[in-house]
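> just need the structure, nothing else, for what follows:
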Amino acid sequence: MRIVRLFGWTLATLAFASIVLAVLVRRGMRETPISTQMRMLRLYRVSASIQAYVLDVQELPASLSELVASNRRGWAGPYLSSETLMDADGIAVSYAIIDAKTCRYRVAIPEHESRAGTPMPKVDLDDECIAQAASSHPDSPSSAGHP
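Reported below is the predicted structural model:
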């Protein structure tokens, strides 16, 4: 029987991890107000666009505007629309590179008051590039010394 691997992970491991992640996200979302959930989903979408950009360009974008338009070599966007970079209250998603070498970054929407006057807490997401995380995994071919 042939074992199929993706970035050094077996498909069974990836499927199991996906199920666990879905359960944890769903459980966490039940206790969170819908407005905060929607803002977090926006951050996940921006993060997924950053991941796609990194796969094409081979490095983190200098700013989120590069996800919408860029002349960088390998760029295959737009990865999202400029409207996605704002929350429902018109507050811009912020982006910071934590460590370019390890491909870690943070996206966030700051605390603010909604148009209806409701306090909106800060939401943020620290993430790292999928390709970078996979290559540092012990079962990954690149970390095992294989071509």
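> near Ser81, how many other residues are there?
Ser81 sits with 11 neighbouring residues when counted by other CB atoms under 10 Å. Where C-beta positions appear, they are placed from N, C-alpha and C, glycine not excepted.
> which residues does it contact?
Val68 (CB atoms under 8 Å, 6 or more residues apart in numbering).
> quick check on it: phi, psi?
Note on Ser81: backbone dihedrals following degrees, to the nearest 10 are phi -90, psi 160.
> can you give me the distance of it to Arg45?
Per CB to CB, to the nearest Å, Ser81 is found 10 Å from Arg45.
> then Ala108?
14 Å.
> low-scoring stretches of this structure, by residue?
1-14, 16-17, 20-32, 131-147 (pLDDT under 70).
> for it, just list every one of the strands.
5-6, 9-10, 94-99, 104-109, 112-113, 119-120, 123-128 (DSSP state E).
> residues contacting Asp87?
Asp87 touches Arg39, Arg42, Val93, Ile109, counting by CB under 8 Å, 6+ apart.
> show me what contacts the second one?
Spelled out, that is Arg42. Thr84, Asp87, Val93, Ile109.
> which residue is the nearest non-sequential neighbour of the first one?
Of all residues not flanking Thr84 in the chain, Arg45 sits nearest, at 6.2 Å (CB to CB, 6 or more residues apart in numbering).
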